[in-house]
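Peer 1: attaching a predicted model along with its sequence, questions to come.
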Amino acid sequence: MSDTIAEMRLPTQELRDDIPFYTKTLGMRMDMIYPADNPSIAVFSGHGLRLRIEKDAAEQPGTLRILTDDPDGFADGARVLTAPNGTRVEIEERNPPLVMPTTQHSFVVRRLADQAPWIIGRAGMHYRDLVPSRLGGSIIASHIRIPDGGPVPDMVHFHKVGFQLIFCIHGWVDVVYEDQGEKMRLTPGDCFIQPPEIRHRVLEASDDLQVIEIGVPADHVTEIDHDMTLPTPHHRPDREWDGQRFVYNQAASADWVDFRLPGFVCRDTTINANTHGVASVQVVRRGLGDSPWASHDTDILFTFVMNGRVTLHGEGRDPYDLEAGDAYVIPPGMKTRLVAPSDDVELLEVSLPGTFTTNLEPT
């Protein structure tokens, strides 16, 4: 297909006015112009684009976006231009810095029984939104499932994200990651964190695969890497991406210790240490005794009920009887209490940042 060329056609009323704009202002190359005696068509190429400017073409002028590492040095620093043919030209950063929105704190309870719709998303996966408000854009929490197993139609890709967790709650999935060796299988209780921009590809999944995915911020870009082949030849488990290491934590090798709330025990996934405090992820089970009223001072505290039942009390709120598939967010400073956990209760708690203080009320 190397002899195939694609071009975008744009209209003009007077071609001679467009030539200096596209060549000098935008720095494109003119590849073709005709007819010689009274030119009405010119073809320009540059910035990965081929444009055919044609007099009296029927299309609308459209918008051309140019992404550059030096927007201030492009087109004399102008960010919005209008070409003589009417085309709007927007000059943008090629790799803009990641913006972390200020968290809009709120108390959120999301029940599976509420039957929120499953939305078909990337690669045919089904998504259920666990925090509809997204706390002002600071976090997205999704319950993701693949009903029918087999090869996943995925490509090598990466996410421009501040933090991302994949936690398996049912079934299994095979994923391969940049510089982390051969494919790895995630099974119930296992998790990955995908550091910012690590290349990866989902290969195959079981029937009824279900995972919890946490992304910060809520709106982040997924890009396809057409050049990288996975697995990569190098195995570099200590490599960091933006200060974070890849984590593959397996439930089978877990040690259980006292949780921050009396009456419960937990296993740490090592994510707090491997992200240098960006986030903490713990699995929580019932321990001995009752749990008191408590509050915290972290920015985001998200919990998903993976198994069993528990009642959540919040100050000034009616109690919530929670079961598997439910999720909640507790804002900083709010007093809550977990009551009457079933023997088989299992919770997934995610906090950002990972290190914070829990204040227990005297019993």
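Peer 2: It's in.

Peer 1: quick one, what contacts the residue nearest to residue 287 when sequence neighbours are not counted?
Peer 2: Leaving aside its sequence neighbours, residue 287 sits nearest to residue 265 (Cβ to Cβ, 6 or more residues apart in numbering; 4.3 Å). Bear in mind the C-beta positions are built from the backbone N, C-alpha and C, glycine included. By Cβ atoms under 8 Å, 6 or more residues apart in numbering, the residues touching residue 265 are 256-259, 284-287.

Peer 1: now, which of those lie within strands?
Peer 2: 257-258, 284-286 (DSSP state E).

Peer 1: select only the buried ones of the residues you listed in PyMOL?
Peer 2: In PyMOL, this line selects whichever of the ones in strands among the contacts of residue 265 come out buried by 16 or more other Cβ atoms under 10 Å:
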select buried, resi 284+285+286
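
Peer 1: widest-spaced pair of the ones in strands among the contacts of residue 265?
Peer 2: 257 and 286 (14.1 Å; Cβ to Cβ).

Peer 1: can you tell me the helix or strand for residue 54?
Peer 2: strand 49-55 (DSSP states H and E).

Peer 1: show me what the mean pLDDT comes to for the helix or strand that that strand is followed by.
Peer 2: Counting by DSSP H and E, the next helix or strand C-terminal to strand 49-55 is strand 63-68. Averaging pLDDT along strand 63-68 yields 96.

Peer 1: re the thing from before, just how off-centre is the one helix or strand the residue nearest to residue 287 maps to within its chain?
Peer 2: Following DSSP H and E, one finds residue 265 within strand 264-268. Chain-centre distance of strand 264-268: 26 Å, with Cα atoms, centre = their mean, to the nearest Å.

Peer 1: which strands border it, and is each parallel or antiparallel?
Peer 2: strand 257-258 (antiparallel), strand 280-286 (antiparallel) (DSSP bridges).

Peer 1: in TSV, list the ones you listed along with distance to residue 81 and mean pLDDT.
Peer 2: Shown next, in TSV, are these (distance: least, Cβ to Cβ, whole Å; pLDDT from 0 to 100):
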stretch	distance to residue 81	mean pLDDT
strand 257-258	60	96
strand 280-286	47	97
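
Peer 1: closest one to residue 175 among these?
Peer 2: So among those, strand 280-286 is nearest, using Cβ to Cβ, at 17.1 Å.

Peer 1: picking that back up, in the helix or strand just after the strand holding residue 265, what counts as buried?
Peer 2: Per DSSP H and E, the first helix or strand lying C-terminal to strand 264-268 is helix 271-274. Under the neighbour-count criterion of 16+ other Cβ under 10 Å, helix 271-274 has 271-272, 274 buried.

Peer 1: could you do stretch 183-197 as well?
Peer 2: 183-184, 186, 189-196.

Peer 1: which of these sit farthest apart?
Peer 2: 189 and 196 (24.8 Å).

Peer 1: circling back to that earlier point, from residue 190, how far out is the residue nearest to residue 287?
Peer 2: Distance of residue 265 to residue 190, computed by Cβ to Cβ, to the nearest Å: 19 Å.

Peer 1: hang on, the earlier thing: now the buried residues of stretch 183-197 in CSV, with distance to residue 142, pLDDT and secondary structure?
Peer 2: Shown next, in CSV, are the buried residues of stretch 183-197 (distance: Cβ to Cβ, whole Å; pLDDT from 0 to 100; DSSP: H, G, I helix; E, B strand; the rest coil):
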residue, distance to residue 142, pLDDT, secondary structure
183, 23, 96, coil
184, 21, 97, strand
186, 15, 97, strand
189, 18, 96, coil
190, 17, 97, coil
191, 14, 97, strand
192, 15, 96, strand
193, 15, 96, strand
194, 14, 96, coil
195, 19, 97, coil
196, 18, 96, coil
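
Peer 1: which of these lies closest to residue 10?
Peer 2: residue 196 (36.6 Å).

Peer 1: which residues sit in contact with the residue found closest to that closest one once you drop the neighbours it is linked to in the chain?
Peer 2: Excluding the flanking residues, the one nearest residue 196 by Cβ to Cβ, 6+ apart is residue 242, at 4.3 Å. Applying Cβ under 8 Å, 6+ apart, we find residue 242 in contact with 195-197.

Peer 1: swap in residue 145?
Peer 2: 118, 125-126, 128, 170, 208-211.

Peer 1: neighbour count and distance to residue 246 added to those residues, as CSV?
Peer 2: Below are the contacts of residue 145 laid out as CSV (neighbours: other Cβ atoms under 10 Å; distance: Cβ to Cβ, whole Å):
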residue, neighbour count, distance to residue 246
118, 15, 29
125, 21, 21
126, 16, 26
128, 20, 26
170, 14, 23
208, 12, 26
209, 23, 20
210, 22, 22
211, 24, 16
